[in-house]
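Engineer: Next come a sequence and a model predicted from it.
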Amino acid sequence: FGFGLAEPSRALPAMFLMFALTVMTLLGGRLVVAVTGLTVVAFLAACILPSSFSLSAYIIGILAFIAAGQGVAKDWS
């Protein structure tokens, strides 16, 4: 959230990442370790390579949605 506030051009990728991590937390309650890991990776990527924050936020967000979808699919089968 802070990266989106610091530079408004990065607000959409930051919110996409936050939404993806929230969905992953809500749908995959047992995936707390994965959510924590993805959050750490996102934070490190943003700090180390701030110029590519948007790309890394989208990639990590997509990975979070994939993990959440797999968790839902596993529960339904």
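Structural biologist: Sure, I can see it.

Engineer: can you map out the helices along this structure?
Structural biologist: Here the chain has its helices, by DSSP state H, at 2-6, 11-27, 32-48, 53-76.

Engineer: Quickly compare the ones you listed and say which is most buried.
Structural biologist: helix 11-27 (a mean of 18; mean count of other CB atoms under 10 Å). (Glycine included, C-beta is placed from N, CA and C.)

Engineer: hang on, the earlier thing: need the helices of the chain in a markdown table with mean pLDDT, can you?
Structural biologist: Shown next, in a markdown table, are these (pLDDT from 0 to 100):
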| stretch | mean pLDDT |
| --- | --- |
| helix 2-6 | 79 |
| helix 11-27 | 86 |
| helix 32-48 | 80 |
| helix 53-76 | 83 |
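
Engineer: Roughly how far does I66 sit from P13?
Structural biologist: Using CB to CB, to the nearest Å, I66 is found at 17 Å from P13.
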